[in-house]
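Novice: got a predicted model here, sequence first, then my questions.
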Amino acid sequence: MPGVTHDDAPLLADLMPWSVAPPRLGRGWPAAPDAACLKTRWDTLLKADGPGRESLFEPTRSRTAHTAVGQLPGQSGGTGKLIRAKGPCAEPVRVLRGAFDEQWLIPDHRLIDAARPELWRVADAAQIFAVETGAAPGAAGPPLLATSLLPLLRPGRVRPLYRRPGGAEPNLAPGLSAHLAARLGHSPAPVDVLAWILATVRPGPDGLAVPLTSDPELWSAALEVGRRTLWLMRRDGERPKLPGGRRPYVRAPLPPRPLTLRYDRDEETLHLDDGRISPVPPGAWDFEVGQARVLEQWFTARTEEAEPGTLAAIRPAVWPQTWTSELLELITVLALLAELGPRREALEPASPITAAELRAAGVLPVPGAARRPASVLDHHEEGPEGQFALL
């Protein structure tokens, strides 16, 4: 952002030092916008025997139907080889599959090439994941997202706000909170540091930069923007509403299986074939992440044809009502986030806390241990083929 900037702004990689590569599924079918179809896919897989099951599974170098792996932390997926699996699938869990795209995942380690168990160990109601979008300098859209769900977005890094379950041990550079407290006159909570980051982070030549300030008034102004950004991105609690009593709703019924999506800017109307939703503010339609319109990507994830005969081809026969409700809320969220853009731009630089200052104070460089996951296990996790191991 051109507002709060400084040539020596510290990097996000130093302020939130522990990061994890996003999980990599390796196959698309264990995740879907509809939870019921995931259970049908699992049942279809288990009805196949031998080579048929192996083929439906879509093996990779990391996972085959004969691979034995440990159980995902906190989940009930099996650990025996998939070729011998029986019974129902693990209960699907909500994940962030794409930018602002909440879907469902079968939480079974055998189905996921790289599940990143360290993320699952700290995923709970108190956790917030900051997710890099890979935005280049000058690109439209936020360079950082925040979510309470396990994120599957690629290619950016995932930075949990807390290193331990229950909101314990913030994933912040050791000494950063104390230094901010001394310069601001109060000690900001970890979630407020994240809110500041969301309001001010910008892509730079060396990665995402986060201008910091010792000006209490600027901190307060940016914090208000960041808190609202965080609330909208997490979509928790009360449903967001457009100002002035406006709200998008279905003006003409959506068809059973819409195939096309287009936007009428003059009428502020979203067309799904002959179905119509309005009002849809231009800011919602234009909202991009990673140089792609969020609404178009969301729609494509629910309508793109899959290869016949694959598990991914098992999907709802008609457009579920829940998708319409999710779409209406997504339109509202994107419109409100777009409205925050001018407020971010209006933030003026003042009293910067530079990377040089943090180095002089001993906050930087970050110790190596802060970049590694904490040891959080106080119980046994089930390993491959039912073996138990304490890590």
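Specialist: Yep, that arrived. Numbers count the residues shown, from 1 in each chain.

Novice: so what's residue 45 up against?
Specialist: By C-beta atoms under 8 Å, 6 or more residues apart in numbering, the residues touching residue 45 are 53, 56, 57, 311. C-betas here are computed from N, CA, C, even on glycine.

Novice: closest to residue 184 among those residues?
Specialist: Ranked by distance to residue 184 (C-beta to C-beta), the contacts of residue 45 are led by residue 311 at 52.8 Å.

Novice: I'd like to know how far residue 282 sits from residue 99.
Specialist: 18 Å (C-beta to C-beta, to the nearest Å).

Novice: of these two, which one has the most company?
Specialist: Neighbour tally, residue 282 and residue 99, criterion other C-beta atoms under 10 Å: the higher count belongs to residue 99, 24 against 13.

Novice: any idea how far the longest helix anywhere in the chain is from the middle of the chain?
Specialist: For the chain, the longest helix by residue count, based on DSSP state H, is helix 321-345. Relative to the centre of its chain, helix 321-345 is centred 16 Å away, using C-alpha atoms, centre = their mean, to the nearest Å.

Novice: what comes into contact with that helix?
Specialist: 1-3, 33, 100, 102, 142, 199-200, 225, 228-229, 232-233, 235, 239-242, 247-250, 254, 270, 277, 280-281, 283-284, 286-287, 294-295, 298, 302.

Novice: report the buried members of the residues you listed.
Specialist: 1, 3, 33, 100, 102, 142, 199-200, 225, 228-229, 232-233, 235, 240, 242, 248, 254, 270, 277, 280-281, 283-284, 286-287, 294-295, 298, 302 (16 or more other C-beta atoms under 10 Å).

Novice: looking at those residues, which are in strands?
Specialist: Under the assignment DSSP state E, the buried ones among the contacts of helix 321-345 contribute 102, 270, 277 to strands.

Novice: before we move on, the earlier item: now the contacts of residue 45 as a markdown table including distance to residue 18, neighbour count and secondary structure?
Specialist: Shown next, in a markdown table, are the contacts of residue 45 (distance: C-beta to C-beta, whole Å; neighbours: other C-beta atoms under 10 Å; DSSP: H, G, I helix; E, B strand; the rest coil):
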| residue | distance to residue 18 | neighbour count | secondary structure |
| --- | --- | --- | --- |
| 53 | 38 | 18 | helix |
| 56 | 37 | 20 | helix |
| 57 | 33 | 23 | helix |
| 311 | 35 | 24 | helix |
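
Novice: of those residues, closest to residue 358?
Specialist: Nearest member of these to residue 358, counting by C-beta to C-beta, is residue 57, at 48.7 Å.

Novice: the closest one touches residue 67, doesn't it?
Specialist: No - assessed by C-beta atoms under 8 Å, residue 57 is found out of contact with residue 67, at 9.8 Å.

Novice: what do these two both touch?
Specialist: In contact with both residue 57 and residue 67: residue 82, using C-beta under 8 Å, 6+ apart.

Novice: what bits of this structure have low per-residue confidence?
Specialist: For the chain, the stretches with pLDDT under 70 are 1-6, 376-391.
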